[in-house]
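[1] coords please:
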Amino acid sequence: MLKFLATLVLAVMCAGTVLAQGSDELKKKQAEIQDEIDELRRSLNDTKKNTKAGLGQLNMIKKKLRLREQAITNISDQIDVINGSIGQSRNEITRLRTELDTLKVQYEKSVVYAYKNRSNYDFLNFIFSASNFNDALRRIEYLKSYRRYREQQAVSIRNTQDLLQGKISTLENSRKEKDDVLAKQEKEKKVLDGERREKDDFVKNLKSRERELSKELTVKAKADLKLKSAIRAAIDREIKAARAKAEAEEKAKAKALADAREKARKADAAANKPATSTSPSNPVAAAPAKPVEKPAAAPVRKESVLEATPEGVAISGGFEKNRGKLPWPVEKCNIKIHFGTYGIDGTNLRGNNPGLTLETEVGAVVKAVYEGKVTQIFDLDGNWVVLVQHGKYFTTYSNLSAVSVSKNQEVVAGQMLGRAAANDDGNGEIDFLLLQENRNLDPETWIRRR
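    Residues are numbered from 1 along each chain as shown. Purely as a prediction, here's the structure:
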């Protein structure tokens, strides 16, 4: 009986632990989402004070909406967990009540039996009616075990009653928690409705500034074209230099091999030259020289001329392995414009961004996302651009007010490259590009998610 009760207690505890873990994880995630919303709201308020309506603010508003929707979904998941806990508690209460009723019936029967056989005469008569001494001892042990059984029944009833009361309390707490979470969800939905109206009003504002925004996009497109051309030229120079170096090394290897073969040929010719002799003996034909076996060439990865060296292959491979794990170039920033084609809500304006445009604080530290070599530093319209090579990959950091590295310097991940300059609105801003040779890639698929 006690063994069954222990098993029941263990099952109840394990099930409750699993549900508690799921609930704790959801609450932790909810807190993280709320922290991100609060940080975004502060950034948005600061931006509104300093600048007019623009893409940066619009993307922050849209991101805040997405986070709010995630928060509501998270609350729905919490409600599902609570409903599961309520259902489980109800099932356990039903099972415990059934078990308690069974224990009470069994205990009642044992009490009735004990009452009917309560006199000392009946007790002694049961013992002395034994057929022999050993049988009498067995009967005494039976009476003792029966008494222990009744005591265990009483303990089981008390423990089951405690479990039942605990489960009833858990059920009441779960119901209260569900009411609180439902109220929170309703509040979040009202906030979401307000934020949607905020977005609609903001889009109307942008619509009224469509001509002005069109000019801004035209300026950005020209700046992007100039940046891409400068980067392409710089990378082309690196590829040309790497190709020339590889060709020179190949020519040097070919010349060394030809010289070695010529030296071997001359040595063979000297060894096979007939010796001068006074005796008229027949010359013995020299054995033909054995051809020199060439060692099998090791497989070489030649996907790119920038990987012609083992170091180039290693750093390219390491960069690829860190896809989705690279750090952000700026610690605190918001994505103003995503990679690729984009449009402005409420307008017919379209653009194409070669990388990520990140809004941050003026003077924010800009860091390398991976180890590599600074191959180019150049001025573009009064601000600095740093180009870092990682094998066949390149990262560029533009719109820097100051630079803290030099050309051909080796850098490590997280090392400061410079500081963010201000954009036309007075906010800090950088453009972060990622390329495989001269092909632009989406940086968001390479940097870690926040």
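
[2] helices along the stretch 251-400 of the chain, start to end?
    Counting by DSSP state H, counting those that start in this stretch, the stretch 251-400 of the chain has helices at residues 310-321.

[3] tell me how this structure divides into domains.
    2-208, 210-260+307-450 (automatic domain parsing).

[4] so which elements touch the helix or strand containing Ala71?
    Ala71 belongs to helix 55-116 when assigned by DSSP states H and E. Contacts defined by 3 or more C-beta pairs under 8 Å, 6 or more residues apart in numbering; DSSP states H and E place helix 55-116 against helix 2-50, helix 133-208, strand 334-337. Just so you know, the C-beta spots here come from the backbone N, C-alpha and C atoms, and that holds for glycine as well.

[5] and if we set it to 10 Å?
    helix 2-50, helix 133-208, helix 210-271, strand 334-337, strand 356-360 (3 or more C-beta pairs under 10 Å, 6 or more residues apart in numbering; DSSP states H and E).

[6] just say which of the domains of the chain is most tucked in.
    Burial of the domains of the chain is given as mean neighbour count (mean count of other C-beta atoms under 10 Å); domain 210-260+307-450 ranks first at a mean of 17.

[7] how long is that one end to end?
    Chord length of domain 210-260+307-450, first to last residue, is 32 Å (C-alpha to C-alpha, to the nearest Å).

[8] all numbers from here: first residue = 753
    Shifting the count to begin at 753 puts that one at domain 962-1012+1059-1202.

[9] now it: mean pLDDT?
    Confidence for domain 962-1012+1059-1202, expressed as mean pLDDT, is 91.

[10] what does stretch 947-958 give?
    Stretch 947-958 comes out at a mean pLDDT of 88.

[11] and Gly1178, which of the three is it?
    coil (DSSP: H, G, I helix; E, B strand; the rest coil).

[12] measure it to Asn1086 for me?
    Distance, Gly1178 to Asn1086, by C-beta to C-beta, to the nearest Å: 15 Å.

[13] got the contact list for Ser775?
    829-830, 833-834, 836-837, 926, 929 (C-beta atoms under 10 Å, 6 or more residues apart in numbering).

[14] same thing with Ser1068?
    The contact partners of Ser1068, taken as C-beta under 10 Å, 6+ apart, are 1053, 1055-1056, 1058-1059, 1141-1145, 1188.

[15] ok, which pair from those residues is furthest apart?
    Arg1053 and Gln1141 (17.2 Å; C-beta to C-beta).

[16] CA atoms only for stretch 776-791 - export them in PDB, please.
    Extracted in PDB, the C-alpha atoms of stretch 776-791 (Å, rounded to 0.1, in the frame of the first residue of the first chain):
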ATOM      1  CA  ASP A 776       9.500  29.100 -16.200                       C
ATOM      2  CA  GLU A 777      11.000  29.000 -19.700                       C
ATOM      3  CA  LEU A 778       8.000  30.900 -21.100                       C
ATOM      4  CA  LYS A 779       8.200  33.500 -18.300                       C
ATOM      5  CA  LYS A 780      11.900  34.000 -18.900                       C
ATOM      6  CA  LYS A 781      11.300  34.500 -22.700                       C
ATOM      7  CA  GLN A 782       8.500  36.900 -21.900                       C
ATOM      8  CA  ALA A 783      10.800  39.000 -19.700                       C
ATOM      9  CA  GLU A 784      13.400  39.000 -22.500                       C
ATOM     10  CA  ILE A 785      10.900  40.200 -25.000                       C
ATOM     11  CA  GLN A 786       9.700  42.900 -22.600                       C
ATOM     12  CA  ASP A 787      13.200  44.100 -22.000                       C
ATOM     13  CA  GLU A 788      13.800  44.400 -25.800                       C
ATOM     14  CA  ILE A 789      10.500  46.300 -26.200                       C
ATOM     15  CA  ASP A 790      11.500  48.700 -23.400                       C
ATOM     16  CA  GLU A 791      14.900  49.300 -25.000                       C
END
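
[17] next one: it to chain centre, how far?
    In this view, stretch 776-791 has its centroid 16 Å away from the chain centroid, taken as C-alpha atoms, centre = their mean, to the nearest Å.
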